[in-house]
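J.: coordinates for the following, if possible.
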Amino acid sequence: MKLNKALLLIVAVCLCANAFAQSSKELKRKKEALQREIELATKNLKKAESGKKLTLGQINAIKAQIRLRQDKISTINSEMKNLDHQITENTHKVQNLKGRLADLKKEYAGMIRFAQRNRNSYDKMMFIFAANDFNQAYKRIKYLQQFGQYRKKQAAYIQGTEKQLSNQIVVLDKNLKNKTSLLKEEETEKSKLDKNRSEQTVVLNKLSKQEKQFQQDIKRKRQQQAAIDREIRAAIAREIAAAKKKAEEEARERERIAAAKAKAENRAAPTTESKPKTANEALRSTPEAAKLSDAFEANRGSLPSPVSNGYITTKFGAYKVDQASGRNDGVTFQTSEGASVRAVFNGKVTKVRSIFGRYFVIINHGEYFTVYQNLKSVSVAEGNSVSTKQTIGIAGDTDGVPEVTFQILRSSVAQNPEAWLAR
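T.: Next up, the predicted model:
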C-alpha cells in the first residue's frame, strides 16, 4: 500500500514537471521572438537616426524598442515563476524520495536480520518437511519462493529509487543554475531598458527643437493617409454596390423565371422574394461568398501576420505622438528591408492602386476585405485569386524605415486586426 502511494505521488509530480516544462518551452520561444523583434527595431532605429531630420519612424522605433524590452522582461519574470514552481516541486520530490528510500532501507534491513537470525533454526528443507501434509508443504515452498522474490524486488526498488533521487538532484541543481542565469539576463535587460529610455529622452528633446518641421511632416502624412483611406473606402463602396446590383439582378431573374413557370402551369405567381437589405447580405449572397466569409470568420485569432517578421508600432484607433494625433483604421508594422508582404487568407484581389509613389492592395474574402498599404511593388493584379501566405508585394519605406499598414474591414466597418491575427 505504501509502495502504491509513493508511485502515485511520483507520477503526479512528474506530470506537473512535464506541464511546467511545456510552459517553459513556450515562454522561451516567446522570449526568442521578442529578442528578434528588439534586434529588428534596433536596426530600424539606426536607419532612421542616419538622417538629420527627426521622423515619426524614428519615434515609433524607439517606442517599440521600449515596449518590446518590457515584454521581454515580463516574459523572463514568467520564466522565473515557472522555475520557482519547478524548484518547489522538485524539492518536494527529493524530500519524498529520501523519506521513501530511508523506509525501504529500514524495511530491507529488517528482512535481512530476520533471515540471518532464523537461517540456522529454520533450515529450508526442515521447514518444508515439518509440514503436516503435502498441501502445507507446497504452501511453504511457495512462501519461501515469494519471500526470496520479494527481497529481490525490494533490493531492485531501492536501487531504482536511489537512481531517481540522484537524477532529481541533478534536475534541481540545473533549475537553480537556470534561475541564476535568468536573474542575470533580467538585470541586463533592465540596464538596456534604462538606456532605451535615456535615448527616448534625447529624441524628445530633439523633437522640441524640430517641432515645427515635425508637425508639418505629420500634417502632410495625415493628409496623404486621408486621401489613401478615401480611395480604399471608395473602392470597397464600389465592390458593395456591384454586389448589391448583381444580387438584385439575380433575384429579379429568379422572379421572372418563377412567374413564367407559374403562368405556364396556370397558377398564381409566387411571392416576390426579398432582396438583400444590407451590404453584408449582398457580399455573401452567393454560396461561394458565404462559404468564404464563414471560413474567414472561423479563423479569427489565428490569421498569419501580413509580414513574416516585424512588430506593431501604431495600433488600431486613435493615436498621439507628442502634440500630433491621428487615427489608424488598421495596424502599422515596422519590418525588415525588402520584406515580403503576404495575404492573410484565401481571397480575390479586387483593387491594386498606386498613390503617392506607393501601392495598396485590397483582397476580398466574401463580406470581409483585407487591405495592405505602403507596398513598394506588387506581384498580383486585379482579379487574381490568392491563397493564405501568398506573397502579394514588397514592403515600402517610410522615412527610411520599412513599414506596412494592414486593415481588416467587414463590409465597410474597420475591425481591429490584432483581434484577428495569431499572437
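J.: whatever helix or strand Glu253 lives in - what's its average pLDDT?
T.: For Glu253, the host element (DSSP states H and E) is helix 211-264. The average pLDDT for helix 211-264 rounds to 82.
J.: which neighbouring elements make contact with that helix?
T.: Judged by 3 or more CB pairs under 8 Å, 6 or more residues apart in numbering; DSSP states H and E, helix 211-264 is in contact with helix 56-117, helix 279-283, strand 324-328, strand 347-355, strand 358-365, strand 368-378. Placement of C-beta: from N, CA and C, glycine included.
J.: of the ones you listed, which shows the lowest average pLDDT?
T.: Of all these, strand 324-328 has the smallest average pLDDT, which comes to a mean of 70.
J.: Leu176 contacts Gln86, correct?
T.: No: look at Leu176 against Gln86 with CB atoms under 8 Å: they stay out of range, at 10.1 Å.
J.: who has more neighbours, these two?
T.: Taking other CB atoms under 10 Å, Leu176 and Gln86 do not tie; Gln86 has more neighbours (23 against 13).
J.: ok, that one touching Asn175?
T.: Yes: using CB under 8 Å, Gln86 makes contact with Asn175 at a distance of 5.3 Å.
J.: ok, back up a step: including distance to Gly400, could the helices and strands packed on helix 211-264 go into CSV?
T.: Shown next, in CSV, are these (distance: least, CB to CB, whole Å):
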stretch, distance to Gly400
helix 56-117, 7
helix 279-283, 39
strand 324-328, 19
strand 347-355, 20
strand 358-365, 14
strand 368-378, 13
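J.: between the ones you listed, which one is nearest to Arg36?
T.: helix 56-117 (9.7 Å; CB to CB).
J.: and the angle for that closest one with helix 211-264?
T.: 80 degrees (axes from the mean of the first three to the mean of the last three CA atoms, to 10 degrees).
J.: hmm, Ile59 and Glu199 touching each other?
T.: No: in this structure, Glu199 is not within contact of Ile59 by CB under 8 Å, at 11.0 Å.
J.: those two: which is more packed in?
T.: A direct count of neighbours by other CB under 10 Å for Glu199 and Ile59 places Ile59 higher, at 22 against 15.
J.: let me see the residues that make contact with the one helix or strand Val341 maps to.
T.: Taking DSSP H and E as the criterion, Val341 maps to strand 340-342. If you take CB atoms under 8 Å, 6 or more residues apart in numbering as the criterion, strand 340-342 is touched by 304, 306-308, 372, 375, 389-395, 404.
J.: can I get the buried part of these as one PyMOL selection?
T.: Under the burial definition 16 or more other CB atoms under 10 Å, those of the contacts of strand 340-342 that qualify are selected in PyMOL by:
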select buried, resi 306+307+372+375+390+392+393+394+395+404
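J.: need the contacts of strand 340-342 in a markdown table with secondary structure and distance to Ile363, can you?
T.: Converted to a markdown table, those look like this (DSSP: H, G, I helix; E, B strand; the rest coil; distance: CB to CB, whole Å):
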| residue | secondary structure | distance to Ile363 |
| --- | --- | --- |
| Pro304 | coil | 13 |
| Pro306 | coil | 10 |
| Val307 | strand | 15 |
| Ser308 | coil | 18 |
| Tyr372 | strand | 8 |
| Leu375 | strand | 13 |
| Lys389 | coil | 13 |
| Gln390 | coil | 10 |
| Thr391 | strand | 13 |
| Ile392 | strand | 8 |
| Gly393 | strand | 11 |
| Ile394 | strand | 16 |
| Ala395 | strand | 16 |
| Val404 | strand | 14 |
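J.: could you point out which of the helices and strands packed on helix 211-264 sits nearest Thr188?
T.: With CB to CB as the criterion, Thr188 lies closest to helix 56-117 of the helices and strands packed on helix 211-264, at 9.8 Å.
J.: show me what that closest one is packed up against.
T.: Against helix 56-117 (3+ CB pairs under 8 Å, 6+ apart) you get helix 2-49, helix 134-209, helix 211-264, strand 310-314, strand 317-321, strand 331-335, strand 401-410.
J.: for the ones you listed, which has the smallest mean pLDDT value?
T.: Among the helices and strands packed on helix 56-117, helix 2-49 carries the lowest mean pLDDT, a mean of 65.
J.: who's Tyr311 bridged to?
T.: Beta bridges link Tyr311 to Gln334 when assigned by DSSP bridges.
J.: ok, it touching Thr42?
T.: No: using CB under 8 Å, Tyr311 makes no contact with Thr42, being 11.4 Å away.
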